[in-house]
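> Generate coordinates for the sequence data below:
(chains A and B)
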Amino acid sequence: MTSSLTKVLGAAGLAAALSGIIASGPVHAASAEIVLGAIVPSSGPFAEWGRTNTATLQMLEKQVNDAGGVNGAKLRIVILDDATKPAQATNDLRKLAGDDHVLAVAGPLTSSAAEVTFPVANEMKVVATSQASSKPGVAKNNRPWAFRNTIDESVLGRATVPYYKKAFNIKSVAIIFDAKDATAATVGSKIMPGLMKENGIEVLNANDPLSFNTGDLDVSAQVTKIKALNPDGVVVSADYSQAVTVIREMKRQGVIKPVVGSTQLISSAILKAAPEIPIVAPATFYASMPGDKPQTFVKELTPLLHKISGLPAEIEPSMYDANIYEIGSIYIDAIKKAGVTGKPEDLEADRTKIRDYMTKLSGFPGLGGPIAFNQDGDAIKAFYIVQGQNGAWESKVRGCSAPDGKHGC
Amino acid sequence: MSMYYAGILSDIGILLLGALSVYIILATGQLSLGNAGFMGIGAYITSWLTVEAGLPITVALVIAALVSGAIGVAVGFPALRLKGIYLAMATLGFGEVVRSFLLNFAAMGGPEGFHGMHHISTGYIWTWAVSVLVLVMLIEASPIWLEIRAVRDDETAAGLVGLNATEIKVGAFGCGAAVAAIAGGLFAHHHVYIEPGNFSFERSVDLVLAVILGGSTVASGALAGAVMLVILPEYLRFLAEWRFAAFGALLIAMLLVRRQGLLDRALLRFAWRGSRA
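Below you'll find the predicted structure:
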């Protein structure tokens, strides 16, 4: 009964929030259909994220259309799979912008794909906003059409490492990273060593980097080396599906040391790999995040994720689902408020209006707090240093990615 | 032509060159699983020459091809001692060495990758692709190819009739490496960004797969393979997340029906006679 009531209230809350977006602002759109695009990895190494992203966007599409559409026009989101291949992502963007005439694109997910897709977005003059890329400088190198609803890992690391040091009295660490993943390799070989030094933490393998490759199933040799170094903590820089292999091996070898990493670690699956190993990472959203908006989002999306075959039974909405939901919502808001018509003859002007709206955006109500974009195209939003405990993430520190650490969050 | 189709055509042109690089080496009976490494060398050298040294791309591609060709010759010598699966493993190792080197090569960005290249047109990519394809087809029609086939079919017998098998095999490695470097340079200037992960084992497999699927006994097989590998996943998009499973099934079916690949000499001869009748 309580659960049903919560669901009804949650649905009502979400509908109210959406109708707020949909009903506000002047009515300009005159097209029968508003078309947005999305690039997600529905196959390949990050298929889990891509498939949950797809369900998230389909949910958003349904919510918007059930609430009357965008200025009376039906919303259609064309979702293409890039198979986690950068070259496929560029073809996707060309297809979405050139053939499907979308107003704006959500995605691609990875930094490697964003690196090659964002230049195409600039060339074709269409806004592309990544839901997960957090490698430093990716949007900055591709202004003015590239955006990321994420925070640069170096900004997040500056808040993560001091908390990690204080919480676990860390004096030394060993670093292991996925050498095949551009973001993980950048964080593991450049950002984390620098941050450790800044915080007076010794990197025991500074001259002997430990790495593995995406897809490796045996990391026992690397973990044996970590065990021999006997650090106070371990930096694991890899996306969660790869990091799970390292953490399981740490548990097997009895290396029960606190782990720290980047946003790539945030997942419910990683907490189940070795619940006794504390994990610290930054996040802009996590499924157990308190608050009406995030909890309504989780309650609406979780049953839809459970219907997708092939995903873990305990799957929960990820930070990247929240990010892509926010991206879609920002685009819809832009279409409402910036006078986008959606007519074929206005396509170029409409895309420019969306870009300008994004550039000037301030205080957009995101799931985890207000959202804006800085001059590098990265999100100014709240983030949380979370610690994995008892199978759930718990927020320990709230931060803000604004330059002064306060305004805009 | 829409930019989408132009992008796909560019991908086909680059894959064609990469497949030809494998085909040239395979023609001498050697299987290289490290051509992504040569592509990486070409991509990074070409990019450095155009971005840092300010050279025109054509000059940069030629220099990269020469350097990569020289490295190919150097790799070709120790490879003479290996055959079959052992050679494949050794070249796979070479590819991984190159990728790891690029990953730690901070001067070219290391894991962060390298930017700053200017985008090139589909026409420019295809000018290179067609030129190299025609060149390989001309060599196929020349007596040199008979020597190459003789070495592939029976190295000992070829030696007994006075052919220099070492020269032919090492030369093929050098030429294959040079063509792979051109493919890499074009790849870098098509995507205007490169990172070590672009030149991993999976890319080497793609190059070999294009040759095996298209036909490993004729140069035009590389073209057919490149078209299939790029176009099929695009046309199977309606299958959503199942498209790569369907793509794999189609490839297996294709190899069951035509083990020698889509194109072979008999088929080309048949088509040629049919067109003249």
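
> Closest residue of chain B to chain A?
The nearest approach of chain B to chain A comes at B:Pro111, 3.3 Å away (C-beta to the nearest C-beta). The way it works is simple: take the backbone N, C-alpha and C, and place the C-beta from them, glycine included.

> I'd assumed A:Lys299 was in contact with A:Pro317.
No - if you go by C-beta atoms under 8 Å, A:Pro317 and A:Lys299 don't touch, sitting 9.5 Å apart.

> the more surrounded of those two?
For A:Pro317 versus A:Lys299, the count of surrounding residues by other C-beta atoms under 10 Å in any protein chain shown is larger for A:Pro317: 27 against 18.

> what secondary structure does that one sit in?
Here A:Pro317 is coil, with the state taken from DSSP: H, G, I helix; E, B strand; the rest coil.

> now the chain, which segments are flagged as low pLDDT?
With no chain named, the answer covers chain A. Applying pLDDT under 70 to chain A picks out residues A:1-31.

> Actually, chain B is the one I wanted.
B:277.

> Tell me who's in contact with the closest residue to chain B within chain A.
Closest residue of chain A to chain B, C-beta to the nearest C-beta: A:Ala185 (3.3 Å). In this structure, A:Ala185 makes contact with A:177-179, A:211, A:237, B:103, B:110-111, judged by C-beta atoms under 8 Å, 6 or more residues apart in numbering or on different chains.

> Distance of the closest residue to it other than its chain neighbours relative to A:Glu115?
Of all residues not flanking A:Ala185 in the chain, B:Pro111 sits nearest, at 3.3 Å (C-beta to C-beta, 6 or more residues apart in numbering or on different chains). With distances taken as C-beta to C-beta, to the nearest Å, B:Pro111 is found 12 Å from A:Glu115.

> Common neighbours of the two, please.
A:182, B:195.

> three-state assignment of A:Glu348?
Classified using three-state DSSP, A:Glu348 is helix.

> Give me the nearest residue to it, chain neighbours excluded.
For A:Glu348, the closest residue by C-beta to C-beta, 6+ apart turns out to be A:Lys125, at 6.7 Å.

> mind checking which helix or strand A:Ile385 is in?
strand A:382-389 (DSSP states H and E).

> what does that strand contact?
Looking at what lies outside strand A:382-389 - C-beta under 8 Å, 6+ apart - the contacts are A:151, A:156, A:159-160, A:163, A:167, A:266, A:270-271, A:278-284, A:286, A:289, A:368-370, A:393-401, A:409.

> Parallel or antiparallel, which strands does it pair with?
Note on strand A:382-389: by DSSP bridges, its sheet partners are strand A:279-283 (antiparallel), strand A:392-400 (antiparallel).

> Show the residue spans covered by the strands in the stretch 151-300 of chain A.
For the stretch 151-300 of chain A, the strands defined by DSSP state E, counting those that start in this stretch occupy A:172-178, A:202-203, A:210-212, A:233-237, A:259-260, A:279-283.

> buried set for the strand or helix carrying B:Trp48?
For B:Trp48, the enclosing helix or strand under DSSP H and E is helix B:35-51. Buried residues in helix B:35-51, counting neighbours by 16 or more other C-beta atoms under 10 Å in any protein chain shown, are found at B:35-51.

> counting contacts, what elements does whichever helix or strand comes after that helix pack onto?
The helix or strand immediately downstream of helix B:35-51 is helix B:57-79, counting by DSSP H and E. With contacts taken as 3 or more C-beta pairs under 8 Å, 6 or more residues apart in numbering or on different chains; DSSP states H and E, helix B:57-79 sits against helix B:35-51, helix B:84-104, helix B:165-191.

> From B:Val205, how far out is A:Arg76?
Distance from A:Arg76 to B:Val205, by C-beta to C-beta: 37 Å.

> Same question for A:Ile191.
In terms of C-beta to C-beta, A:Ile191 sits 31 Å off from B:Val205.

> which one of these two has more residues nearby?
Counting neighbours by other C-beta under 10 Å for A:Ile191 and for B:Val205 shows that A:Ile191 has the greater number, 24 against 14.

> The more buried one reaches A:Val155, doesn't it?
No - at 9.9 Å, A:Ile191 does not count as touching A:Val155 under the criterion of C-beta under 8 Å.

> Kindly list the main-chain dihedrals of B:Pro56?
The phi/psi pair for B:Pro56 (degrees, to the nearest 10) reads phi -60, psi 150.

> Count the residues that sit near it.
Neighbours of B:Pro56 (other C-beta under 10 Å): 10.

> ok, now which ones touch the residue nearest to it when sequence neighbours are not counted?
In space, and not counting its chain neighbours, B:Pro56 is closest to B:Thr50: 7.5 Å by C-beta to C-beta, 6+ apart. Listed by C-beta under 8 Å, 6+ apart, the contact set of B:Thr50 reads B:56-57, B:60, B:117-118, B:189.

> let's go with 6 Å and repeat that
B:57, B:60, B:117 (C-beta atoms under 6 Å, 6 or more residues apart in numbering or on different chains).

> Likewise for B:Ala177?
So B:Ala177 contacts B:38, B:68-69, B:72 (C-beta under 6 Å, 6+ apart).

> My guess is A:Leu367 contacts A:Gln295. True?
No - counting by C-beta atoms under 6 Å, A:Leu367 sits too far from A:Gln295 to count as a contact (9.6 Å).

> More neighbours: which of the two?
A:Leu367 (25 against 18).

> Then the more buried one would be within a strand, right?
No - if the criterion is three-state DSSP, then A:Leu367 is coil and not within a strand.

> Report the spatially nearest residue to B:Arg149, omitting neighbours in sequence.
B:Ala27 (7.3 Å).

> Same check on A:Arg398?
A:Tyr384 (5.7 Å).

> rewinding a little: just to check, the residue nearest to B:Arg149 is in contact with B:Ala150?
No - applying C-beta under 6 Å, one finds B:Ala27 not in contact with B:Ala150, separated by 11.1 Å.

> In CSV, please show the C-alpha coordinates belonging to stretch A:290-306.
Output of stretch A:290-306 as CSV, limited to C-alpha atoms (Å, rounded to 0.1, in the frame of the first residue of the first chain):
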residue,chain,number,x,y,z
PRO,A,290,17.9,11.6,-1.0
GLY,A,291,15.4,14.1,-2.4
ASP,A,292,12.0,14.0,-4.1
LYS,A,293,13.3,14.6,-7.6
PRO,A,294,16.0,11.9,-7.7
GLN,A,295,13.9,9.4,-5.8
THR,A,296,10.9,9.9,-8.2
PHE,A,297,13.3,9.5,-11.1
VAL,A,298,14.6,6.3,-9.6
LYS,A,299,11.2,4.9,-8.9
GLU,A,300,9.9,5.6,-12.4
LEU,A,301,13.0,4.3,-14.2
THR,A,302,13.9,1.2,-12.2
PRO,A,303,11.0,-0.9,-13.3
LEU,A,304,11.7,-0.1,-16.9
LEU,A,305,15.3,-1.1,-16.5
HIS,A,306,14.2,-4.4,-15.0
